[in-house]
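Chemist: What follows is a predicted structure for the sequence shown.
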Amino acid sequence: LPVGCAAPYGSMAAPGAAAAAALVQYVVLRGDLGRPPRSWPLGAVVAQGCHAALAAAHAHRQHPDTRAYLELGGAMRTVVLEAPDEAALKALAETLKQHSIDHEVWTEQPENMATCLALRPYPKDQVHQHLKKFKLLK
């Protein structure tokens, strides 16, 4: 493959993959988007998570953890958590900023509404303490 191009997902058993397997990308979606009064369609909510995850991976694409994570292909581990509302999402973003944890907040336009945030891939033990109050999205 040309320099800078990723290998196809089927050939991702690269040396060092065991160390990279400990990496996880956390995505935190607002749970209130899918419930009344907003009642967004499931696809629209999922799209917010996709946007945030891609934005975080792109913004931090040169970080060694992000590169190792993306090289895992089908073995990538993503954990999707639920923030109850926009205020909780913004408070989490502020906490992450204060602790110098790389993340991206996705803001839906034209509403200018924060809908999701995603961390770049991290070893779980480096970031879990800031996310443990959030439950898995259901």
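Modeler: Perfect, thanks for sending it. No experiment lies behind these values; they were computed from the predicted model shown. Residues are numbered from 1 along each chain as shown.
Chemist: Show me what the biggest helix by length in the chain packs onto, helices and strands only.
Modeler: If you go by DSSP state H, the chain has its longest helix at helix 42-59. On a contact count with 3 or more C-beta pairs under 8 Å, 6 or more residues apart in numbering; DSSP states H and E, helix 42-59 meets strand 23-30, helix 64-71, strand 103-108, strand 113-119. Placement of C-beta: from N, CA and C, glycine included.
Chemist: May I have the strands that pair with the shortest one, each with its orientation?
Modeler: What it means is strand 103-108. Strand 103-108 has the following strand partners under DSSP bridges: strand 113-119 (antiparallel).
Chemist: tell me the SS of residue 33?
Modeler: For residue 33, the secondary structure call by DSSP: H, G, I helix; E, B strand; the rest coil comes out as helix.
Chemist: Residue 24 reaches residue 125, doesn't it?
Modeler: No: in this structure, residue 24 is not within contact of residue 125 by C-beta atoms under 8 Å, at 9.9 Å.
Chemist: higher neighbour count, the two?
Modeler: Comparing residue 24 with residue 125 by other C-beta atoms under 10 Å, the one with more neighbours is residue 24, at 20 against 9.
Chemist: got a list of what the more buried one touches?
Modeler: Contact analysis of residue 24 by C-beta atoms under 8 Å, 6 or more residues apart in numbering lists 77, 78, 79, 121, 122, 123, 124.
Chemist: Those residues in helices, which ones?
Modeler: When the contacts of residue 24 are checked against helices (DSSP H), the matches are residue 124.
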